[in-house]
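[1] structure for this input, please:
(one chain, ligands or ions: 1)
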Amino acid sequence: MGTRENLPALLRVLSGERLDPPPIWIMRQAGRYLPEYRELRTRAKSFLDFCYSPALATEAVMQPLRRFPLDAAILFSDILVVPDALGRKVWFVEGEGPRLEPLIGEQRWSFGEAEKAIQRLAPVYEAVERIKAAIPAGTALIGFCGGPWTVATYMLQGRGGDKDEARRAAYQRPEDVDALLSLLAEASAQHLAAQVAAGADCVQIFESWAEGLSQPLFDRLIIKPTQQLVKRLRALGVTVPIIGFPRGAGLLIAEYAQHTGIDAIGLDTAVPSAAALPSSMPVQGNLDPQLLVVGGDALRRGVEEVRERFCGTPHIFNLGHGITPQASPENVAELVRLVKGA
Ligand SMILES: Cc1c2[nH]c(c1CCC(=O)O)Cc1[nH]c(c(CCC(=O)O)c1C)Cc1[nH]c(c(CCC(=O)O)c1C)Cc1[nH]c(c(C)c1CCC(=O)O)C2
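    Predicted structure coming up:
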């Protein structure tokens, strides 16, 4: 016990080791591409009810682990439980995605207090405890939250899609938007700290909408709030590795890697190499998710390209974004075989 070899492979890479083959998990590995998830999903009235059921959330996490020898489990939840806990109404439209009552258009924005909000997420932390008890010992458990800007875009616009309205709000109501980002950084830090207290081995910040920002806006909307989140998480006594995933950051990814305080970085499919990153920083990614729809030779080539791209770096094999509902479980099984060389 306690020796390096007993540490899950994912945590070894996060502490800077290079492993061959690399550990692998799949972004959004529980979900609609699995028929057993689609069946399970019918047992809850709404998607948020599903997320707030520790039993259903635990079962959803276990489903991909039963099929594939993955090196990590990720909490089953959503980035939008934080706005829900802050008192903004959140619902999911079948086949379309999340909806919220948009802040844009409201004269005065008011939210619940972060600490009270996090107390409302007790079922999520209960799910973390159950998942931790259910997964095999060598499997690392990842907790997560959305990046402050990504969550703010949903709150501002009330939905996904292009982020034009959210960006306009950042110019037109700077004090309000900065206060919202600061609240989200605080609430997210508390949310992650509670997940770690319940058993998460590391955490990931999903900044899925880091794209399309000028450098000054990137600094203000992404770097600064993420710095606040990371600093606060450390001040709360949390020492586990933090993976940041600034999807679509482009050339600004180097700034994100250097200035936010994260320990490892998730790379989207378009990142060509680790050259722009601090040399010892563990990287995670970045296979094109569409290859899990396509399969065959294209998948095999894609896996080789990713392996080569990061062969000199501590690397966690993953996709460049979430797996899609069209992906086939057979292709996922083949991917894991290819990476593990079995
Ligand atoms: C942007 C974002 C969201 N949620 C998430 C992100 C960041 C990652 C990314 O960029 O893909 C993160 C997320 N959402 C979900 C998980 C846990 C599942 C897992 O990773 O194994 C995680 C880590 C479940 C989910 N979250 C959602 C589903 C599908 C809803 C259902 O099953 O009814 C699942 C399984 C709904 C959701 N939630 C969100 C969207 C845009 C949607 C609709 C589109 C979609 O389905 O992918 C917001």
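
[2] how close does the residue in the stretch 151-300 of the chain that the ligand sits nearest to sit to Arg41?
    Here the stretch 151-300 of the chain gets closest to the ligand at one residue, Ser208, 3.2 Å apart by CB to the nearest ligand atom. C-betas here are computed from N, CA, C, even on glycine. Distance, Ser208 to Arg41, by CB to CB, to the nearest Å: 22 Å.

[3] and for Ala134?
    19 Å.

[4] again, but for Ala194
    Ala194 is 25 Å from Arg41, by CB to CB.

[5] higher neighbour count, those two?
    The residue with more neighbours, out of Ala194 and Arg41 and counting by other CB atoms under 10 Å, is Ala194; that gives 20 against 15.

[6] contact partners for the more buried one?
    By CB atoms under 8 Å, 6 or more residues apart in numbering, the contact set of Ala194 is 118, 121, 124-125.

[7] quick check on Gly320: phi, psi?
    phi -80, psi -10 (degrees, to the nearest 10).

[8] isn't it right next to Leu292, touching?
    No - using CB atoms under 8 Å, Gly320 is not in contact with Leu292; the gap is 11.3 Å.

[9] hmm, Ser208 is touching Thr150, no?
    Yes - applying CB under 8 Å, one finds Ser208 in contact with Thr150, separated by 5.0 Å.

[10] any low-confidence regions in the protein?
    1-5, 342 (pLDDT under 70).

[11] how far away is the residue nearest the centre of it from Ser77?
    Taking CA atoms, centre = their mean, the centroid of the chain lies closest to Phe206, which sits 3.7 Å from it. Relative to Ser77, Phe206 is positioned 11 Å away (CB to CB).

[12] go on, Arg32?
    The value you get for Arg32 to Ser77, if CB to CB is used, is 16 Å.

[13] of these two, which one has the most company?
    More crowded of Arg32 and Ser77, by other CB under 10 Å: Ser77, with 25 against 14.

[14] how near is the more buried one to Gly87?
    Where Gly87 is concerned, Ser77 sits at a distance of 18 Å (CB to CB).

[15] circling back: nearest to the ligand, of the contacts of Ala194?
    Val124 (11.3 Å).

[16] that closest one: how many residues sit nearby?
    That count, for Val124 with other CB under 10 Å as the rule, works out to 24.

[17] from memory it sits against Ser77, does it?
    Yes - in this structure, Val124 is within contact of Ser77 by CB under 8 Å, at 5.5 Å.

[18] what's the residue in the stretch 51-200 of the chain positioned nearest to the ligand in contact with, if anything?
    Nearest residue of the stretch 51-200 of the chain to the ligand (CB to the nearest ligand atom) works out as Gly97 at 3.7 Å. Gly97 sits next to 159-160 when contact means CB under 8 Å, 6+ apart.

[19] dihedrals phi and psi, it?
    phi 130, psi -170.

[20] now the helix ranked longest in the chain, how far from the centre of its chain.
    Counting by DSSP state H, the longest helix found in the chain is helix 174-198. Relative to the centre of its chain, helix 174-198 is centred 15 Å away, using CA atoms, centre = their mean, to the nearest Å.

[21] list the helices and strands the helix or strand that that helix is followed by packs on?
    Where DSSP states H and E defines the elements, the next helix or strand beyond helix 174-198 is strand 202-207. Contact analysis of strand 202-207 by 3 or more CB pairs under 8 Å, 6 or more residues apart in numbering; DSSP states H and E lists helix 9-14, strand 140-146, helix 148-157, helix 174-198, helix 224-235, strand 242-246 as its packing neighbours.

[22] what's the angle between strand 202-207 and helix 148-157?
    50 degrees (axes from the mean of the first three to the mean of the last three CA atoms, to 10 degrees).

[23] okay, now the sheet partners of strand 202-207, with direction.
    strand 140-146 (parallel), strand 242-246 (parallel) (DSSP bridges).

[24] what lies in contact with the last one?
    The one in question is strand 242-246. For strand 242-246, contacts defined as CB under 8 Å, 6+ apart pick out 14, 142, 147, 202-208, 210, 222, 226, 230, 233, 252-253, 256-257, 260-266, 268, 284.

[25] repeat that for the longest one.
    Under the contact criterion CB under 8 Å, 6+ apart, strand 140-146 has outside partners 8-11, 23, 25, 71-75, 77, 79-80, 82, 128, 131-132, 135, 151, 188, 191-192, 195-196, 199-208, 243.

[26] tell me how far the residue lying farthest from the centre of the chain lies from Asp176.
    Within the chain, Gln107 marks the point farthest from the mean C-alpha position, 31.6 Å out by CA atoms, centre = their mean. Distance, Gln107 to Asp176, by CB to CB: 10 Å.

[27] now the helices for the stretch 201-342 of the chain?
    Along the stretch 201-342 of the chain, the segments classed as helices by DSSP state H, counting those that start in this stretch run 215-218, 224-235, 253-259, 291-294, 296-309, 329-340.
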